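Novice: please find the sequence and the predicted model below.
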Amino acid sequence: MSVAMRPVGGLPVEPRARHDAPGGLDSMATTVDIGDISLNYRGASGNVLALQNTTMRIGRGEFAAVVGPSGCGKSSLMRLVTGLVRPTTGDISVFGEKVRGPLKIAGMAFQNPNLLPWRKVIDNVLLPLEIVRPHRRRFRAEKDKYRAQGEALLKTVGLEGFSGRFPWELSGGMQQRVSLCRALIHQPALLMLDEPFAALDAFTREELWCVLRDLWQELRFTVILVTHDLREAAFLADTIHVMSARPGRVVMTKTVPFPRPRELDICFEPAFTDIVQELRAKIAEVRKP
Amino acid sequence: MSQNTVETIAPWVFTLAIFAVWEIACRLFGVDPFILPPPSAAFAAMAQYWGPLMRHSAVTLWTTMAGFALAVAFGVALGLIVGWSRTIYRGLYPVMIGFNCIPKVAVVPILIMWFGIGEVPAILTAFLISFFPIVVNVATGLATMEPELEDVLRALGARKLDIMLKVGIPRTQPYLFGSLKVAITLAFVGTIVSETVGANAGLGYLIALAGSNFQVPLVFAALILLAIEGIAMYAVFAYIEVYFTRWAFRSSMSAAT
């Protein structure tokens, strides 16, 4: 598998407005640093404390998974890290800089592929390049080059020859592959995935696990994967953060020791099952009010 | 006969059947032509007064289209503004509902006072009655944008204008074109109301005049022509809708799996 892309080390990371602290060695290695934050938001039934005392550190190029009971604020965490909402208290740093607004560099994918039905597959994939700096200025002039990049990326997820189709002509699994490509086309240093495979059948899901595994293996972006599926977390992630029921905070951080590249077969090994069991027990424990 | 042929000729068969039932009922029950003339009498009047009917139809058609064009321009602009910001939406919506509740027939005398008897009040009435559904639909199209999609774009550094141009406005198209079909029929209502209250040309004027002269078959002839104009314009916009938003007919708007 080869992708015509620059190595991830050369990513164009936008300089943020101001440096709060000079990035030392430590902050270079840490991509996402969530330091003791809380988040309040006004829901339909008054104030909701979604997150409290949440602390999390994710290293550069790390594949992190976040699991927990439903309604524990996992999705809120995604919106916090990408700067779409601000924490009520505490700070979040990404690449050693405090998050003050939308990140401008993060790729995101959700359970619903959210493709634009009036655009062909390739034009859906290229959408971020029409928005992200510095690509947006060059987009018209170098459309052919970008198109070739998009085609190459589609090929790596097994969608060669589908670029001229419309989203409705694709199955759910294929649409989700397109959504992954759209999240990765601008070579983001940070990829946020919010239950991207939850709506798929078991076989398609495992297929896409491997697609994501291979993409990550090759491009080594930092991933935060929010999921309900403990096997998915254990198969894909380096570290798994378990969150408590609302107000959510991290109650356990589990390192997954399996060597890479991992094959699907490891899902049936006792050590793998043990990890899943341990996570399951922890979530069952924190679910109780 | 294939199913397709049946479906193609069905509208014509039903239309003819309605005229036939009308004709037979009038003759069978001996209805006074002064109360309800049979269609044959209406068509006879149409042939007899063909020239004037055509002249007045043309006036009604162009005033309606002029008012409708104003409504599209104004409706799309206002819809985009209302859909752009929640504050403007909250602020303007009650005002628009209130405005829409005013029977337009009550506004016509004011328009005639301002602009005199003529085509301007008809154009403005057509405009006033037909812009509302366009505004509501355009605003709805913008307001129902998937929040996750907005998140995806904002996390890439998209400004509000980017989101509007790349997603908001394209996804509003099916709502807009759907509303045009409703708006064009309403525009005809507006024109006729205005012409009936006060005008010196147009089918509404002709209907009022013929009515006061007790030429009931001519009234019905004018009504039939009006219906034909309405159907024709509806068909035009239904075609435009399918042509421009084929993707929306092929996929559910959400593109959900």
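Specialist: It's in.

Novice: so which residues of the chain form helices?
Specialist: Went with chain A since none was named. A:25-29, A:74-81, A:121-126, A:135-138, A:143-156, A:172-184, A:202-219, A:230-236, A:270-287 (DSSP state H).

Novice: should've been chain B
Specialist: For chain B, the helices defined by DSSP H occupy B:3-28, B:39-48, B:50-84, B:86-101, B:108-115, B:119-143, B:147-154, B:160-163, B:169-197, B:203-212, B:216-244, B:246-250.

Novice: got any ranges where the stretch 101-250 of chain B has weak pLDDT?
Specialist: Where the stretch 101-250 of chain B drops to pLDDT under 70, the residues are B:250.

Novice: spell out which parts of it neighbour chain A.
Specialist: Within the stretch 101-250 of chain B, the positions near chain A by C-beta under 8 Å from any C-beta of the partner chain are B:146, B:148-149, B:151-158, B:162, B:166-167, B:170-171, B:173, B:245, B:247-248, B:250. (Glycine included, C-beta is placed from N, CA and C.)

Novice: what's the ChimeraX line that selects buried ones from the residues you listed?
Specialist: With 16 or more other C-beta atoms under 10 Å in any protein chain shown as the criterion, this ChimeraX line picks the buried residues out of those:
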select /B:146,148,149,151,152,153,154,155,156,157,158,162,166,167,170,171,173,245,247,248
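
Novice: which residues touch the residue nearest to residue A:47 when sequence neighbours are not counted?
Specialist: Excluding its sequence neighbours, the residue lying closest to residue A:47 (C-beta to C-beta, 6 or more residues apart in numbering or on different chains) is residue A:40, at 5.8 Å. Contact analysis of residue A:40 by C-beta atoms under 8 Å, 6 or more residues apart in numbering or on different chains lists A:47-50, A:88.

Novice: find the residue closest to residue A:118 in space, skipping its chain neighbours.
Specialist: Nearest non-adjacent residue to residue A:118, counting by C-beta to C-beta, 6+ apart: residue B:247, 4.6 Å away.

Novice: burial measure for residue B:32, as a count.
Specialist: When neighbours are defined as other C-beta atoms under 10 Å in any protein chain shown, residue B:32 has 10 of them.

Novice: how near is it to residue B:41?
Specialist: Distance of residue B:32 to residue B:41, computed by C-beta to C-beta, to the nearest Å: 11 Å.

Novice: for residue B:188, what are its contacts?
Specialist: Neighbouring residues of residue B:188 by C-beta under 8 Å, 6+ apart: B:60, B:64, B:126, B:226, B:229-230, B:233.

Novice: from the residues you listed, which is closest to chain A?
Specialist: Nearest to chain A among these: residue B:233, at 25.9 Å, using C-beta to the nearest C-beta.

Novice: wait, the closest one sits on residue B:186?
Specialist: No. Here residue B:233 does not reach residue B:186: they are 11.3 Å apart, not a contact under C-beta atoms under 8 Å.

Novice: who touches residue 35 in this structure?
Specialist: Answering for chain A, as no chain was given. Contacts for residue A:35 were tallied using C-beta under 8 Å, 6+ apart; they are A:55, A:90-93.

Novice: let's do chain B instead
Specialist: Applying C-beta under 8 Å, 6+ apart to residue B:35 gives the contacts residue B:216.

Novice: next one: it from chain A, what distance?
Specialist: The gap separating residue B:35 from chain A is 54 Å, by C-beta to the nearest C-beta, to the nearest Å.

Novice: need phi/psi at that residue.
Specialist: Per-residue torsions, residue B:35: phi -80, psi -60 (degrees, to the nearest 10).

Novice: where does pLDDT dip in the stretch 151-289 of chain A?
Specialist: For the stretch 151-289 of chain A, the ranges with pLDDT under 70 are A:288-289.

Novice: report how many residues lie close to residue 121.
Specialist: Just so you know, I chose chain A. 25.

Novice: wait, chain B was what I had in mind.
Specialist: Residues lying near residue B:121 (other C-beta under 10 Å) number 28.

Novice: quick one: contacts for the closest residue to it other than its chain neighbours?
Specialist: In this structure, residue B:121 finds its nearest non-sequential neighbour in residue B:111, 3.9 Å apart by C-beta to C-beta, 6+ apart. With contact taken as C-beta under 8 Å, 6+ apart, residue B:111 is in contact with B:120-121, B:124-125, B:194.

Novice: which parts of the stretch 151-289 of chain A sit against chain B?
Specialist: Residues of the stretch 151-289 of chain A lying near chain B (C-beta under 8 Å from any C-beta): A:166-168, A:171-172, A:175-176, A:182-183, A:186, A:192, A:194, A:199-200.

Novice: now which of these would you call buried?
Specialist: In those, burial by neighbour count holds for A:166-167, A:175-176, A:182-183, A:186, A:192, A:194, A:199-200, counting by 16+ other C-beta under 10 Å.

Novice: related to what we said a few turns ago, deepest-packed of the helices of chain B, please.
Specialist: Across these, averaging neighbours per residue (mean count of other C-beta atoms under 10 Å in any protein chain shown) puts helix B:119-143 on top, at a mean of 24.

Novice: quick check: bridge partners of the closest residue in space to residue A:73 that isn't next to it in sequence?
Specialist: Of all residues not flanking residue A:73 in the chain, residue A:248 sits nearest, at 3.6 Å (C-beta to C-beta, 6+ apart). With DSSP bridges as the criterion, residue A:248 is bridged to residue A:51.

Novice: and residue A:248, what is it in contact with?
Specialist: Each residue near residue A:248 by C-beta under 8 Å, 6+ apart is listed here: A:50-52, A:54, A:68, A:72-74, A:76-77.

Novice: export the residues you listed to JSON lines and tack on distance to residue B:93, pLDDT and neighbour count?
Specialist: Formatted as JSON lines, the contacts of residue A:248 follow (distance: C-beta to C-beta, whole Å; pLDDT from 0 to 100; neighbours: other C-beta atoms under 10 Å in any protein chain shown):
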{"residue": "A:50", "distance to residue B:93": "30", "pLDDT": "83", "neighbour count": "25"}
{"residue": "A:51", "distance to residue B:93": "34", "pLDDT": "84", "neighbour count": "27"}
{"residue": "A:52", "distance to residue B:93": "37", "pLDDT": "84", "neighbour count": "19"}
{"residue": "A:54", "distance to residue B:93": "39", "pLDDT": "84", "neighbour count": "26"}
{"residue": "A:68", "distance to residue B:93": "39", "pLDDT": "82", "neighbour count": "28"}
{"residue": "A:72", "distance to residue B:93": "36", "pLDDT": "72", "neighbour count": "25"}
{"residue": "A:73", "distance to residue B:93": "33", "pLDDT": "78", "neighbour count": "26"}
{"residue": "A:74", "distance to residue B:93": "35", "pLDDT": "79", "neighbour count": "23"}
{"residue": "A:76", "distance to residue B:93": "30", "pLDDT": "83", "neighbour count": "22"}
{"residue": "A:77", "distance to residue B:93": "35", "pLDDT": "85", "neighbour count": "30"}
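
Novice: relative to chain B, which of those residues is nearest.
Specialist: Closest to chain B, out of all of the contacts of residue A:248 and judged by C-beta to the nearest C-beta, is residue A:76, at 11.9 Å.

Novice: OK, contacts around that closest one?
Specialist: Residue A:76 sits next to A:39, A:41, A:50-51, A:85, A:248 when contact means C-beta under 8 Å, 6+ apart.

Novice: for the nearest residue to it once chain neighbours are set aside, give its distance to residue A:249.
Specialist: Nearest in space to residue A:76, with sequence neighbours left out and distances taken as C-beta to C-beta, 6+ apart, is residue A:50 at 4.7 Å. The spacing between residue A:50 and residue A:249, counted by C-beta to C-beta, is 11 Å.

Novice: how about the contacts made by the single nearest residue of the stretch 1-150 of chain A relative to chain B?
Specialist: At 3.0 Å from chain B, residue A:104 is the closest residue in the stretch 1-150 of chain A, using C-beta to the nearest C-beta. Residues in contact with residue A:104, defined by C-beta under 8 Å, 6+ apart, are A:14, A:132-133, B:155-157.
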